[in-house]
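[1] pasting a predicted model and its sequence here:
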Amino acid sequence: MVLVWEGDGSEAFGDGVGVQEDLERLARAEDDLAACLEEHGASSEAAIDKVQATVRLCNSVALRLSGQGFGSLAEETLSKAMTLTEAGMLLPGSLPLRRALRVETLSNVSCAYMQAGRPRAARRALARAVRLERTGAAASGRGWAPALANMCAVLSRLGKHTKAVRLARKAVELLEGAGGC
């Protein structure tokens, strides 16, 4: 079973940096974000860029941690990304970006749950991702196809093969419609 981690993952794999270095880099990014928020405010372009970078780094670091067997650290790291993408927290006036980052994170949460042997929790996270993406402005196109593909893997693991196949077809339709296949 292959689950699709969202994000490019380059921060996690490209340079061979170890777990401690990843965690230190994430701590620096969090400190930079706090300083930026204090200096420029939550609605500034600089803060929005820092939030986006920090959430993506959380996702990439979690990918590495989960892949190396540090499941609880991966979940803690993804929890930080979830907090940063909560409604009303940050990214005011940037709902499409917040929604995209939240969907990406929820999809990654599901992958971490699957790697931890928790398919039901993975299904709940993916259901939230799909619901959020379907109701958003970015609901058309490729946006929620990765979450649907991950849901197929989870449903298959839970023995719900017919539903998994149906969702797989829907994911392919979305990707073809967006020029992704």
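    Looks like it came in fine.

[2] residues in contact with the residue most central in space within the chain?
    The structure's the chain has its C-alpha centroid closest to residue 105; by CA atoms, centre = their mean the separation is 2.1 Å. Each residue near residue 105 by CB atoms under 8 Å, 6 or more residues apart in numbering is listed here: 6, 55, 58, 59, 78, 81, 82, 85. For glycine as for every other residue, the C-beta is placed from the backbone atoms N, C-alpha and C.

[3] report the secondary structure element holding the fourth one.
    What that stands for is residue 59. Element membership of residue 59, judged by DSSP states H and E, is helix 45-67.

[4] tell me where this protein has helices.
    Using DSSP state H, the helices of the chain run over residues 10-13, 19-40, 45-67, 71-84, 95-115, 119-135, 145-157, 161-177.

[5] worst mean pLDDT among those?
    Mean pLDDT values for the helices of the chain show the minimum at helix 10-13, a mean of 40.

[6] what is the burial count for residue 56?
    For residue 56, the count of nearby residues is 21 (other CB atoms under 10 Å).

[7] what of residue 27?
    10.

[8] can you give me the distance of the nearest residue to residue 41 once chain neighbours are set aside to residue 37?
    Among residues not flanking residue 41 along the chain, residue 47 sits closest, at 6.5 Å (CB to CB, 6 or more residues apart in numbering). Going from residue 47 to residue 37 by CB to CB, to the nearest Å gives 5 Å.
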